[in-house]
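Q: need coordinates for the below:
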Amino acid sequence: SYTVFGVAIAVGTMGGITLGALAAKSVRRFGSAHTAAIALALQSLAVFAAATSHSVWAFAAFLFLNGALDANTDVAQNAQGMGIQRMLGRSVINGLHAMWSAGAALGGVLGSLAVKAGLGLQTHALIATCVFVIVAAVAWRTMLDRTSGVDKVDDAGGAPTGVAKRAIPRAALFTIAMLGLVAVAGVAVEDAGMTWSSSYLKDELGVTGSLAGMGLIAL
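A: Have a look, this model is predicted:
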């Protein structure tokens, strides 16, 4: 049912909230490049396992694992992007994030084409998993490693050079809280399209399966 599906999706989100906190330690220990590549490869396997599971409990469990790995991938690739940005001396992070949107749209197109071609879910998931494991392997070899200084922070715990470590003022905590609320609002809107648009288009508006991905593409 929609209720059970929604709960399973929420379990995936809880994976990111609970185990996403490990990302900082992983980046510090292994470097952002290795953390991002390894987490992406494992995430691909988790998605395949979720897509081919035969019980709600297994589906939710693999979504939990996917959410945890996704958070680690996200943090590590952003750390890599910020390190590259510092090395270049100019802002590139928005361009990197734009590639996420391009990838989401491409994924919607490929999903629609897979349905139109009559590919089964397991076959489609297997192809996607193989592709992203290869992407992770290429990323591992091509991203900047720790010897490049991409993950370097100064003695102030990542603060700009010359800024002493001190307690975070209340005004900054308020700003962080407000940014968090903005992020929650953004994800709520995004999730409506990513999680529910296909079901809505297919079940409520009666479109064909090959067009059900158009909501995600439009988003």
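
Q: next, the buried residues of the strand or helix carrying residue 95.
A: In this assignment (DSSP states H and E), residue 95 forms part of helix 93-116. Buried residues in helix 93-116, counted by 16 or more other C-beta atoms under 10 Å: 104, 108, 111, 112, 114, 115. Just so you know, the C-beta spots here come from the backbone N, C-alpha and C atoms, and that holds for glycine as well.

Q: now for the lowest-mean-pLDDT helix or strand in the chain, which elements pack on it?
A: Ranked by mean pLDDT, DSSP states H and E, the weakest helix or strand in the chain is helix 23-30, scoring a mean of 84. Counting contacts by 3 or more C-beta pairs under 8 Å, 6 or more residues apart in numbering; DSSP states H and E, helix 23-30 is packed against helix 32-51, helix 56-88.

Q: so which residue is smack in the middle of the protein?
A: residue 70 (4.4 Å; C-alpha atoms, centre = their mean).

Q: which residues does it contact?
A: Taking C-beta atoms under 8 Å, 6 or more residues apart in numbering, we find residue 70 in contact with 15, 16, 39, 43.

Q: closest to residue 178 out of those?
A: residue 16 (20.9 Å; C-beta to C-beta).

Q: need the pLDDT of the closest one.
A: Note for residue 16: predicted pLDDT of 86.

Q: what angle sits between the helix or strand hosting it and helix 32-51?
A: Element membership for residue 16 (DSSP H and E) is helix 2-19. Orientation of helix 2-19 against helix 32-51 (axes from the mean of the first three to the mean of the last three C-alpha atoms, to 10 degrees) gives an angle of 160 degrees.
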